[in-house]
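> A predicted structure for the sequence below; I have some questions about it.
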Amino acid sequence: EPEDGNTNTTALSPTLELICPPPQRKITIQILTDNFGADTSWEFRKINTDGNGGPILAKNERTYGSRERDSRDVCLEDSSLYQLTVKDVYGDGLCCSYKA
């Protein structure tokens with residue numbers, strides 16, 4: 001037990017801001033799920049010069065709940081191409097009466 005008698009061992013972790021080195025710039029990807037968030041996944045990748053998918057730069061890292069928000073900062077180069085893919089396992093997308 002700590003000397004001050006505090007038994008709370010949960011430490012607050014500071015929020016770190018992503019700083020992009022020049023000539024990159026930061027964008028924020030924001031996702032808002034519909035009522036069936038567990039159906040939603042996404043990935044953001046850089047496209048290779050041959051037009052094929054390149055490395056994944058960001059993706060969902062957990063299963064979402066209903067109408068849940070998620071955001072991720074990513075560094076981009078203006079001279080590159082990128083692709084954001086949002087998937088819905090049920091197949092109705094973020095759609096219709098179920099949209100957020």
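The structure has been received and is ready for your questions.
> center of this protein - which residue?
Geometric centre of the chain, nearest residue: Arg72, 4.2 Å, by CA atoms, centre = their mean.
> tell me what that one is bridged to.
Each beta-bridge partner of Arg72 is listed here: Ile29, as defined by DSSP bridges.
> that one reaches Thr28, doesn't it?
Yes - A contact is recorded between Arg72 and Thr28 when judged using CB atoms under 8 Å, the distance being 7.2 Å. (C-beta placed from N, C-alpha, C; glycine too.)
> what is the neighbour count of the nearest residue to Ser71 once chain neighbours are set aside?
Once its chain neighbours are removed from consideration, Ser71 has its nearest residue in Gln30; the separation is 4.6 Å (CB to CB, 6 or more residues apart in numbering). When neighbours are defined as other CB atoms under 10 Å, Gln30 has 9 of them.
> and Gln30, how close does it get to Ala58?
Gln30 sits at a distance of 12 Å from Ala58 (criterion: CB to CB, to the nearest Å).
> what of Thr49?
Spatial separation of Thr49 from Ala58 under the definition CB to CB is 21 Å.
> again with Gly37
Separation of Gly37 from Ala58 (CB to CB): 18 Å.
> between these two, which one's more packed in?
The neighbour comparison of Gly37 against Ala58 (other CB under 10 Å) goes to Gly37, with 20 against 15.
> which residue packs closest to the more buried one, ignoring adjacent ones?
Leaving aside its chain neighbours, Gly37 sits nearest to Tyr64 (3.4 Å; criterion: CB to CB, 6+ apart).
> residues contacting the one you found?
Residues near Tyr64 by CB atoms under 8 Å, 6 or more residues apart in numbering: Ile31, Thr33, Gly37, Ala38, Thr40, Asp70.
> which single one of those residues is nearest to Gly93?
Checking the contacts of Tyr64 against Gly93 with CB to CB, the nearest one is Thr40 at 9.1 Å.
> how close does the closest residue to that closest one other than its chain neighbours sit to Pro21?
Closest residue to Thr40 apart from its sequence neighbours, by CB to CB, 6+ apart: Thr33 at 4.7 Å. Distance, Thr33 to Pro21, by CB to CB: 32 Å.
> give me the more crowded residue out of these two.
Thr33 (24 against 6).
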